[in-house]
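[1] output the structure for:
(3 chains)
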Amino acid sequence: MAAVKGSIYRELPDALIVDVSHEISPFDIAEAAYILKNAYRNFPKGSIHIVGVDTLINPLKKPIAALIDDHFFIGADNGILSLICAEITPKELVEITIPQTHEETVFPTRDIFVPVACHLARGGKLAVIGQKLKTFKELSFLKPVVKEGKTINGTVIYIDNYGNVMTNISDKLFREVSKKRGCRIWFRNHEFTEVYSSYTQIVKDFQNEESDYGKGMALFGSSGFLEIAIYKSNPQTVGSASTLYGLKKGDVVNVEFE
Amino acid sequence: MAAVKGSIYRELPDALIVDVSHEISPFDIAEAAYILKNAYRNFPKGSIHIVGVDTLINPLKKPIAALIDDHFFIGADNGILSLICAEITPKELVEITIPQTHEETVFPTRDIFVPVACHLARGGKLAVIGQKLKTFKELSFLKPVVKEGKTINGTVIYIDNYGNVMTNISDKLFREVSKKRGCRIWFRNHEFTEVYSSYTQIVKDFQNEESDYGKGMALFGSSGFLEIAIYKSNPQTVGSASTLYGLKKGDVVNVEFE
Amino acid sequence: MAAVKGSIYRELPDALIVDVSHEISPFDIAEAAYILKNAYRNFPKGSIHIVGVDTLINPLKKPIAALIDDHFFIGADNGILSLICAEITPKELVEITIPQTHEETVFPTRDIFVPVACHLARGGKLAVIGQKLKTFKELSFLKPVVKEGKTINGTVIYIDNYGNVMTNISDKLFREVSKKRGCRIWFRNHEFTEVYSSYTQIVKDFQNEESDYGKGMALFGSSGFLEIAIYKSNPQTVGSASTLYGLKKGDVVNVEFE
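    Okay, the predicted model is just below:
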């Protein structure tokens, strides 16, 4: 958002600002958490990530800042860090106490998060602008449920631009529970028994690649989360995993190991 | 737009360029005026704002440049400055005469506004590239009508990403007419008698915040304009002020003081 | 995409990165080719263009890099250069052999194209990261068909934000075949016999400009391709060339000279 960028440049004319996404659905913590987790790792260590989603401060939702995996995150304590912190513990975590405009502001991203980001960008410390926190809000719906070491019940948390369906089942969890057993992945009335590691693995013969267009698959792609995809999909034309399987955010996707 | 950025960098490799919005509806001066007014103030003084909306030059719509509130604005004289200038008089205002390609170009933003912006960015003066103007086009539909010091008839000029409805009634005008009297805000068959100054004011108990989801309100938010909003709205799912009250751009919103 | 930008900044903290478009339809080579052709020329010579469309590498679709018209292009050999190279021959063309992760990666833009772009940005040579190629993939559907020096059968390759319809018939080809003869432009059951060089040429009297709103026309605009447009169109409200004439991507537009 331009107002946020403007207010950063006003304080730090040499700031390097990157838009991660303008297209988070309003108040969609799961989608934002997914996109944040996949984006931050590609940035240099020491980067400062301002999370302008569901930001309004109230007595139960304080502004927080954290140092996780050598990256800084600034936002409201709304659970958005749950996905990143599923596997990594924050090295530092504070409730922001400076600036102190918290509950009055209608624009916390500009009025609280930006000044904190500029403080960090100038080399300032987290301890100076906040007081140590032990825990942050965890969102249980972002975590898959493992039953009897045998099944994983996951949830759809994001649908990408190609209509591919992303779940909250991480590659790491999958491997831990799997112990190299075969598995069945099912949702609604569909199932897959194979798990790919790239889209193109589904193609047998690239001379006849078009015969594979529209084929469905389950894979762990670049995000590191289990994904239900259609080869060469387009939600506007030929259809996509989301439209063809009727999968939407919040739907359940299951894995059952042999 | 990439072509515009490319042509700036070609002249000024060190330029700092920020996209304010790519999502203005075609030729929607009201929307563009609203977004511009809310964005520019957050940028450092001396910033140069290129306004690439409804830009085609004709004998009645000249290219202009202005210095207003210590910011530069460059665009077509199509009325887009009306909202900013409702409360602030331009310090300088010129019709752009250099470069002279005006009516032939099919891409005035690139061919006229960018060279002027680069001239200003290098410290050049407005007087050098244009001739002084006394007035610019004012759009009366961007101005609310005040009747008998008692009522204000405003108009919806923008619907934001959350479906919140922004009118052209500024906080300043409201306070001038109000003289601290109570008021009734109405439109179609809805009314509000309270005016909030933040979204969260509607919440009585944050332990039960969800019971307030979906409640409607009138407020002066971060934009400084009267806004009709729904707490935690989402036009795609639970609905929004725009969808639930049936308010769209151009609709009338009224304020009546006691 | 943020992941791509992050990985560039990780290697080159001072890189200057510009988003050309985030809104290419999935796998739409024609649209991407059109946008790329119109954008690149506005950037400084020596610019490096990463083309992240239809990028998955396979034995028949290698990663390539080219120096064309003093600009570098990096992408998959999927035909996207056809439009740029319709009139300009590449000065250098290589199949990328370093880095060598090609077929395994699920994210070639980040894992192959970004390292190559950083190599070029540091002044590295194309010859170092690839082996010389003689040809790249040409897409015949991006080329109009000329018959008997008298007719041109073109195709709609892009619909812009205003709903204006862009064909693959270039100004250059039009002039070559035309030899200054008059022409008839037709598609479906519509025809034009005049070709404009700007939108505003259709207006006879700017005092009554509104009477020209909604008029259709054929023109060569800023893109240099034959375009079917509606004066002051808006696909969401008053309609546009695309909606009113029922023209969509892939449809045929013909020119017949006298």
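[2] same question for stretch A:189-206: list its buried residues.
    Neighbour-count burial for stretch A:189-206, counted by 16 or more other CB atoms under 10 Å in any protein chain shown, picks out A:190, A:192, A:195-196, A:198-203. Heads up, the C-betas are built off the backbone N, CA and C, glycines and all.
[3] and the residues you listed, which two are the farthest apart?
    The span of the buried residues of stretch A:189-206, defined through CB to CB, is set by A:H190 and A:T200 at 21.6 Å.
[4] nearest to A:C183, out of the buried residues of stretch A:189-206: which one, please.
    Distances from A:C183 to these, taken as CB to CB, are shortest for A:V195 (7.0 Å).
[5] return the residues of the stretch 151-258 of chain A in contact with chain C.
    By CB under 8 Å from any CB of the partner chain, the part of the stretch 151-258 of chain A that sits against chain C consists of A:161-162, A:197-200, A:203, A:206-207, A:209, A:221-222, A:232-237.
[6] count the neighbours of the one residue in the stretch 101-250 of chain A that gets nearest to chain B for me.
    Closest to chain B within the stretch 101-250 of chain A is A:F107: 4.1 Å, counting by CB to the nearest CB. A:F107: 22 surrounding residues under other CB atoms under 10 Å in any protein chain shown.
[7] got the contact list for it?
    Listed by CB atoms under 8 Å, 6 or more residues apart in numbering or on different chains, the contact partners of A:F107 are A:3, B:221-222.
[8] if we use 6 Å, what do you get?
    B:S222 (CB atoms under 6 Å, 6 or more residues apart in numbering or on different chains).
[9] one more: A:E227?
    Per CB under 6 Å, 6+ apart, neighbours of A:E227: A:164, A:166, A:219, A:221.
[10] at 7 Å instead, please
    Residues in contact with A:E227 (CB atoms under 7 Å, 6 or more residues apart in numbering or on different chains) are A:164-166, A:219, A:221.
[11] ok, longest strand in chain A?
    strand A:151-159 (DSSP state E).
[12] let me have the buried residues of stretch A:189-206 in TSV, extended by secondary structure.
    What follows is those, written out as TSV (DSSP: H, G, I helix; E, B strand; the rest coil):
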residue	secondary structure
A:H190	strand
A:F192	strand
A:V195	strand
A:Y196	strand
A:S198	coil
A:Y199	helix
A:T200	helix
A:Q201	helix
A:I202	helix
A:V203	coil
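[13] of those residues, list those near chain B.
    Taking CB under 7 Å from any CB of the partner chain as the test, chain B is in contact with none of these.
[14] output those as a markdown table; include the columns pLDDT.
    Compiled in a markdown table, those are given as follows (pLDDT from 0 to 100):
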| residue | pLDDT |
| --- | --- |
| A:H190 | 95 |
| A:F192 | 97 |
| A:V195 | 96 |
| A:Y196 | 95 |
| A:S198 | 91 |
| A:Y199 | 92 |
| A:T200 | 90 |
| A:Q201 | 92 |
| A:I202 | 92 |
| A:V203 | 92 |
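[15] ok, A:I17 touching A:E11?
    No. With contacts defined as CB atoms under 7 Å, A:I17 does not count as touching A:E11, sitting 11.8 Å away.
[16] need the helices for chain A, in chain order.
    Assigned by DSSP state H, chain A shows helices spanning A:2-11, A:29-40, A:108, A:114-121, A:126-129, A:171-178, A:241-245.
[17] mean pLDDT and mean neighbour count for these - can I get that in CSV?
    Listed next are those as CSV, based on pLDDT from 0 to 100; neighbours: other CB atoms under 10 Å in any protein chain shown:
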stretch, mean pLDDT, mean neighbour count
helix A:2-11, 92, 20
helix A:29-40, 93, 23
helix A:108, 93, 23
helix A:114-121, 96, 22
helix A:126-129, 94, 16
helix A:171-178, 95, 16
helix A:241-245, 94, 21
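[18] so which of those gets nearest A:W186?
    Nearest to A:W186, of all those, is helix A:241-245, at 10.9 Å by CB to CB.
[19] for that closest one, name the packing helices and strands.
    strand A:225-230 (3 or more CB pairs under 7 Å, 6 or more residues apart in numbering or on different chains; DSSP states H and E).
[20] get me the contact residues on the stretch 101-250 of chain A for chain B.
    Residues of the stretch 101-250 of chain A lying near chain B (CB under 7 Å from any CB): A:104, A:106-107, A:110.
[21] just the buried residues from those residues, in PyMOL please.
    Buried subset of these, written as a PyMOL selection, criterion 16+ other CB under 10 Å:
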select buried, chain A and resi 106+107+110
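[22] ok, which of the helices of chain A comes nearest C:V145?
    So among these, helix A:241-245 is nearest, using CB to CB, at 34.7 Å.
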